[in-house]
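In: starting from these lines, generate the structure:
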Amino acid sequence: MGKQLNEIYKEMDELSLKILQLMEQHIRSKVRLEELMKTGFLDMAKARYIMGNNNVSSLQLPTECSEEFLPQYTVTAFVESTLGHALYKLNNMSLNDVEPSIERTLVKKRKGKMDEVVSISTDMQEDEESAKIIDPLKWFGVLVPQNLRRAQTCFRTVLQLVVEIATIQSELVFCQQKYKELLQCKSSLLAET
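Out: Got it, this is the predicted structure:
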C-alpha cells in the first residue's frame, strides 16, 4: 500500500507541474491574443481614418441577402486516444475541399429564343466555386490601405492563437480531472489504513 501511495504522490507531483506549465502557456497565449487584437483594431481604425468612415463600416459586411460564400478557415476538433483530451486544428479551405456537384446547369437567356438549359464546363465550375471563397478585403474595395491588410494578418494570427488556446484549455481541464481522480484514490487508500 505504501508503494501505491508513493506512485500516486509522484503522479500528483508530475500533474501539478504539468498544470502549472499549462497555466503559464495559457496566460502567455492570452496576453499575446490581447496584443494582436489591440494591434488589429488599431490598424482597422487607421484604415477607417484613411478611407473615410463610410468606406470601412458595417455597411460593407455581407448580410442575409448577400450571395453565399465559403469560409476561408474551418476548425476541426478531435480526441486523440493516447492523450485523452480534445485537440483543435485550424484548416485553410481550398478548392480541393469544396465538393463539386455532379451536374450543374445554368439558364441562359438569348434574344428571340426560348430559355435554354446549358451544362457548365468543368473550368466554369471551378471558377464559380473559387468565387465562393471570398477574400474579405474585397468587401472594402480593390485598393485598400496597408493598415487594413495588416489588420487582416493580425486577425488571421488571432484565429490560430484562439485554436491553440482552446487546445491548451482542453488539456488543462483533462489534467485537473486526472488530478482530482488521483486525489480521491489517495484519500480512499488513506481511509483504508
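In: contact partners for residue 77?
Out: Applying CB atoms under 8 Å, 6 or more residues apart in numbering to residue 77 gives the contacts 86, 87, 88, 89. For every residue, glycine as well, the C-beta is placed using N, CA and C.
In: thought the third one was touching residue 167?
Out: Spelled out, that is residue 88. Yes. Between residue 88 and residue 167 there is a contact under CB atoms under 8 Å: 5.0 Å.
In: among the contacts of residue 77, name the buried ones.
Out: Buried subset of these (neighbour count, 16 or more other CB atoms under 10 Å): 86, 88.
In: could you dump the contacts of residue 77 into JSON lines and include pLDDT, secondary structure and distance to residue 12?
Out: As requested, these are exported to JSON lines (pLDDT from 0 to 100; DSSP: H, G, I helix; E, B strand; the rest coil; distance: CB to CB, whole Å):
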{"residue": "86", "pLDDT": "85", "secondary structure": "strand", "distance to residue 12": "23"}
{"residue": "87", "pLDDT": "87", "secondary structure": "strand", "distance to residue 12": "25"}
{"residue": "88", "pLDDT": "89", "secondary structure": "strand", "distance to residue 12": "27"}
{"residue": "89", "pLDDT": "89", "secondary structure": "strand", "distance to residue 12": "31"}
